[in-house]
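Visitor: Quick check, what structure comes out for this input:
(chains A and B, ligands or ions: 1)
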Amino acid sequence: MRKILVGIKRVVDYNVRVRVKPDGSGVALEGVKMSVNPFDEIALEEALRIKERGEASEVVAVSIGTEDAQQQLRTALAMGADRAILVKVSEAVDPLVASRVLVAIAQQENADLVILGKQAIDDDAAQTAPMVAALWGRPQATFASKITLEGSVATVIREVDAGLETIAVDLPAVFSADLRLNEPRYVKLPDIMKAKKKPLDIIEFSALGIAADVGLKTVFVEPPKPRSKGIVVKDVAELVDALQKKGLI
Amino acid sequence: MSKILVIAEHDGAKLNQATARAVTCARQIPDAQVTIAVFAADPAAVAADAATLAGVDAVVTVAHSANETALAAVLAPQIVAVAAHYTHVLAASTAFGKDLLPRVAALLGVPQISDAMAVEGAYKFKRPTYAGNAIVTLEASPDRILVASVRGASFEPAARGGNAPISALSVTVELPTHTRYVSLSAAASSDRPDLASAAKVISGGRALGSKENFALIYSLASKMGAAVGASRAAVDAGYAPNELQVGQTGKIIAPQLYVAVGISGAIQHLTGIKDAKTIVAINKDAEAPIFEVSDFGLVADLFVVLPEIEKALAG
Ligand SMILES: Cc1cc2nc3c(=O)[nH]c(=O)nc-3n(C[C@H](O)[C@H](O)[C@H](O)COP(=O)(O)OP(=O)(O)OC[C@H]3O[C@@H](n4cnc5c(N)ncnc54)[C@H](O)[C@@H]3O)c2cc1C
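Guide: Model (predicted):
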C-alpha cells in the first residue's frame, strides 16, 4: 500500500501583517501568531483523502523547523496524519537544504507520494517541490488542482497560466498543492486529544549530514515602498473624467 | 563578464512577453552578455522572434521532439547541460518558470533566487517575501551558477530592434519518460488581452455574487479593451477561471490601469497589483483596505455604477 509524505511548515499566520525590524535584520516574529502554511494544509488534506479512499495506508507529516514546529505537527496529527517527524534546526534553512532533508526522509520512509504546498507564504519562494523531485530523481506535478491515482500512475490537473493542464506521472512522484485542490477540514477537539498520543519523532538536522550553508546570504530586509493614498471621487462622471484626463480610457 | 542564459517561454510559435521582461533584468546585471535559449520541437519561429529583442547577444536552440510541450522534468536536464557555459540562468517567474527553475537549480546543486525584482549587483538581487511586505536583498556566491526567476511586474519588456545570431545546439542527455503531457484546457477566451501583459485590467471580486453577474466585468473590459482578472474569492466560487486569479499566489501584474470591482483588498490580493500605475477601486464599503492603495476610489454599489460607466464610455 502507498505511503504518503506531507511537508508541514510553520509560518506566520496569513492574517498577520508582518513588520520589518528597524535594523533591517528581518521581520519581527515575537508574539506573532504562527500557523501551518495554508498550502501545506491543503497538501495534508489531499493525502488524508487519498488514504480515506483506500488508496494509501499511511500519511506521515514532516516539518523542518525549530522545537516550536511541534505545534504545527500536532495540528497535522489532529487533522489525521498517522505520525510526524520533526527535523530540528536552529534557524530557517534555504529551500535547497529543506529539499535535501525531505529527500532523505522520503528515501528512509520509502514514500510513494510526497505532497507539498506550492509555496510557503513566508518566503514565497515556491521552490521546494521541484527541488525535491529533482534531487530524488522523480517526476513532479506542481500547482495540482486534481490528483487521480491508478496503479503506478497519477493523473494530475495543474493550474497554469494558460488554464488547466493535465499531465500523467509515474509513481513515486512529488506533488505541490494549489488552492483549489481541496478545502481542508477543521480540527475537532477529540482529534486534538487523540493527536497527543500519536508518535512525533525528532531528528537532529546535524545527524543527517547535510550542509546548512548553500552560499546564499540575506544582506538586508526592508519594508516595501508605500503607495501614496489617492482620492475618493464622488460619482461616475468624476471618475471617468479623471481617467480620461490621464489618457487611460 | 556575466554570461546570462535566459530560458525562453513560448507556445511553439511566439516568445512569451514575460521572457522579454526577464531579458531586461538580465541586461541590468553588470557587464552582461545575454543569450536566450529556445527548447522546442521546432524552435525556428520562436528563435527568430527572440532574436529581434534589443539587448540579446545570441539565441541558441535545442530541437527535440520531447520539447513539443514544456515539461520541467524533460527540460531541466537539457538546461543543465547548456548552463555549464554560463554564470547565470534566468527565466520568468510564471507558472512555467516556477515549475522549471527550481528543478534546474537543484540538479545544479545551487540555491535559487525567486522573483528577482531589482538587480543590485551581479550576484545581488532584491526579492519580495511575506506577500510583498518585506523586501529581502540576497547575495549569492560568485563561485557557482546563479539561478533566478524574474518578477515580470518589476521589469519592462525589452524593446524590439535587435538582430541576434541564432545557432543550434545539440544536447545529448538522457530524457526521462516518467512525465507525460496529456492536454490543456483554457477557459478564458483568447481574443481578449492577456492578463499578464495587458495595459489595462479590470478585476471582479466576491461581490459579483455569481458567474452570470461576472459578465458585467467582461462587458466593461470589452468596452475598455482591458483584460479580465479576479480575486481568489471569485475564482474559488467559480465566477471566473483559475488563470484569472491576481495576487500572491496568482498572477503578479503591472498594468497602466487596474480597476478592482467589489474586491476588499486583502494583502494577498494587493501584492499582485502594487506595481500598477493607476489603481481604481469600486467598493460599497468606504473602509475597505483597497482604498488605502487606490489612486481613485468610488464608494458605490457596483451593480449601479458599472452600467453607468459603460454608458459614459459609449457616449
Ligand atoms: C494562502 C492564501 C493565498 C491567497 N492568495 C490570494 C491571491 O493570490 N489573490 C487573492 O485575491 N486572494 C488571495 N487570498 C485570499 C485573500 O485573503 C482574500 O480572501 C480574497 O482576496 C478576498 O476576495 P474578495 O476581495 O473578492 O472578497 P471579500 O474580501 O469578501 O471582499 C468583497 C468586497 O466587495 C465589497 N462589496 C460587496 N458588495 C458590493 C457591491 N454591491 N458593490 C460594491 N462592493 C461590494 C465588500 O465591501 C468587500 O470589500 C489568499 C488567501 C490565502 C490564505
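
Visitor: what ranges do the strands span in the stretch 101-250 of chain B?
Guide: Taking DSSP state E, counting those that start in this stretch to define them, one finds strands in the stretch 101-250 of chain B at B:112-116, B:118-121, B:124-129, B:134-140, B:146-150, B:166-168, B:179-185, B:200-204, B:227-230.

Visitor: Which one of these lies nearest to residue A:80?
Guide: Checking the strands of the stretch 101-250 of chain B against residue A:80 by Cβ to Cβ gives strand B:179-185 as the closest, at 29.3 Å. For the C-beta atoms, the positions are set from N, CA and C on the backbone; glycine is no exception.

Visitor: Show me what the mean pLDDT comes to for the closest one.
Guide: Confidence over strand B:179-185 (mean pLDDT, whole number) is 97.

Visitor: in that strand, what's buried?
Guide: For strand B:179-185, a neighbour-count test (16 or more other Cβ atoms under 10 Å in any protein chain shown) marks B:179-180 as buried.

Visitor: Name every strand pairing with the strand ranked longest in chain B and say which way it goes.
Guide: Taking DSSP state E as the criterion, chain B has its longest strand at strand B:32-40. Strand B:32-40 has the following sheet partners, assigned by DSSP bridges: strand B:2-7 (parallel), strand B:58-63 (parallel).

Visitor: still on that earlier bit, tabulate the strands of the stretch 101-250 of chain B (CSV), appending distance to chain A.
Guide: Output for the strands of the stretch 101-250 of chain B, formatted as CSV (distance: least, Cβ to the nearest Cβ, whole Å):
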stretch, distance to chain A
strand B:112-116, 5
strand B:118-121, 8
strand B:124-129, 5
strand B:134-140, 4
strand B:146-150, 8
strand B:166-168, 26
strand B:179-185, 4
strand B:200-204, 7
strand B:227-230, 12
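
Visitor: Export these to JSON lines and append columns for distance to residue B:105.
Guide: Formatted as JSON lines, the entries for those read as follows, by distance: least, Cβ to Cβ, whole Å:
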{"stretch": "strand B:112-116", "distance to residue B:105": "4"}
{"stretch": "strand B:118-121", "distance to residue B:105": "18"}
{"stretch": "strand B:124-129", "distance to residue B:105": "14"}
{"stretch": "strand B:134-140", "distance to residue B:105": "11"}
{"stretch": "strand B:146-150", "distance to residue B:105": "4"}
{"stretch": "strand B:166-168", "distance to residue B:105": "25"}
{"stretch": "strand B:179-185", "distance to residue B:105": "18"}
{"stretch": "strand B:200-204", "distance to residue B:105": "31"}
{"stretch": "strand B:227-230", "distance to residue B:105": "30"}
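
Visitor: Next, format these as TSV and append distance to the ligand.
Guide: Formatted as TSV, the strands of the stretch 101-250 of chain B follow (distance: least, Cβ to the nearest ligand atom, whole Å):
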stretch	distance to the ligand
strand B:112-116	14
strand B:118-121	22
strand B:124-129	13
strand B:134-140	17
strand B:146-150	17
strand B:166-168	38
strand B:179-185	21
strand B:200-204	8
strand B:227-230	8
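
Visitor: And the residue of chain A closest to the ligand?
Guide: Chain A approaches the ligand most closely through residue A:38 (3.7 Å), counting by Cβ to the nearest ligand atom.

Visitor: Could you report the neighbour count for the nearest residue to that residue once chain neighbours are set aside?
Guide: Spatial nearest neighbour of residue A:38, excluding adjacent residues (Cβ to Cβ, 6 or more residues apart in numbering or on different chains): residue A:14 at 5.9 Å. Neighbour count of residue A:14, defined by other Cβ atoms under 10 Å in any protein chain shown: 17.

Visitor: go on, residue A:1?
Guide: Under the neighbour criterion other Cβ under 10 Å, residue A:1 is assigned a count of 9.

Visitor: and it, what does it touch?
Guide: Contacts of residue A:1 were listed using Cβ atoms under 8 Å, 6 or more residues apart in numbering or on different chains, and they are A:56-58.

Visitor: pLDDT added to those residues, as JSON lines?
Guide: Rendered in JSON lines, the data for these read as follows (pLDDT from 0 to 100):
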{"residue": "A:56", "pLDDT": "98"}
{"residue": "A:57", "pLDDT": "98"}
{"residue": "A:58", "pLDDT": "98"}
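
Visitor: Does residue A:148 touch residue A:168 like I think?
Guide: No. Here residue A:148 does not reach residue A:168: they are 9.6 Å apart, not a contact under Cβ atoms under 8 Å.

Visitor: okay, and the common contacts of the two?
Guide: Once Cβ under 8 Å, 6+ apart is applied, the residues that residue A:148 and residue A:168 both contact turn out to be A:154-156.

Visitor: could you dump those to TSV with pLDDT?
Guide: Supplementary listing: these in TSV, determined by pLDDT from 0 to 100:
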residue	pLDDT
A:154	98
A:155	98
A:156	98
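
Visitor: Of these - the most surrounded one?
Guide: residue A:156 (26 neighbours).

Visitor: what about residue A:148 and residue A:168, which has more around it?
Guide: Comparing residue A:148 with residue A:168 by neighbour count (other Cβ under 10 Å), the higher total belongs to residue A:168, at 18 against 13.

Visitor: Let's verify that one: helix, strand, or coil?
Guide: Reducing the assignment to helix, strand or coil with DSSP: H, G, I helix; E, B strand; the rest coil, the entry for residue A:168 is strand.

Visitor: Can you give me the pLDDT of it?
Guide: The predicted structure scores residue A:168 at 98 on the pLDDT scale.

Visitor: Report whether stretch A:125-141 contacts the ligand.
Guide: No. For stretch A:125-141 and the ligand, the contact criterion (Cβ under 6 Å from any ligand atom) is not met; the two come no nearer than 12.0 Å.

Visitor: okay, how far is it across that stretch, tip to tip?
Guide: Using Cα to Cα, to the nearest Å, the end-to-end distance of stretch A:125-141 comes to 17 Å.

Visitor: shaky segments in the stretch 1-150 of chain B?
Guide: Counting by pLDDT under 70, the stretch 1-150 of chain B has no low-confidence residues at all.

Visitor: Can you name the residue of it nearest the ligand?
Guide: Using Cβ to the nearest ligand atom, the point where the stretch 1-150 of chain B gets nearest to the ligand is residue B:131, with a distance of 8.1 Å.

Visitor: Would you check how far apart that residue and residue A:3 are?
Guide: 34 Å (Cβ to Cβ, to the nearest Å).

Visitor: Looking only at neighbour counts, state which of these two leads.
Guide: Neighbours per residue (other Cβ under 10 Å) separate residue B:131 from residue A:3, with residue B:131 holding more: 24 against 20.

Visitor: where does the residue of chain A closest to the ligand fall, phi/psi-wise?
Guide: Note on residue A:38: backbone dihedrals following degrees, to the nearest 10 are phi -50, psi -40.

Visitor: Burial check on it, number of neighbours?
Guide: 20.

Visitor: That one: what's it in contact with?
Guide: The contact partners of residue A:38, taken as Cβ under 8 Å, 6+ apart, are A:14, A:117, A:121.

Visitor: now do residue A:244
Guide: When the contact criterion is Cβ under 8 Å, 6+ apart, residue A:244 has no partners at all.

Visitor: and what of residue A:26?
Guide: By Cβ under 8 Å, 6+ apart, residue A:26 lies in contact with A:20, A:218, A:221, B:134.

Visitor: then stretch A:217-228 to PDB, C-alphas only?
Guide: Presented in PDB, the C-alpha positions along stretch A:217-228 are these (Å, rounded to 0.1, in the frame of the first residue of the first chain):
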ATOM      1  CA  LYS A 217      23.000  35.200   2.300                       C
ATOM      2  CA  THR A 218      20.500  37.700   3.400                       C
ATOM      3  CA  VAL A 219      22.100  41.100   3.300                       C
ATOM      4  CA  PHE A 220      19.200  43.300   4.300                       C
ATOM      5  CA  VAL A 221      15.400  43.300   4.800                       C
ATOM      6  CA  GLU A 222      13.400  46.400   4.200                       C
ATOM      7  CA  PRO A 223       9.700  47.400   4.000                       C
ATOM      8  CA  PRO A 224       8.200  47.900   0.600                       C
ATOM      9  CA  LYS A 225       7.900  51.400  -0.800                       C
ATOM     10  CA  PRO A 226       4.400  52.600   0.200                       C
ATOM     11  CA  ARG A 227       1.900  53.600  -2.400                       C
ATOM     12  CA  SER A 228       0.600  57.000  -1.800                       C
END
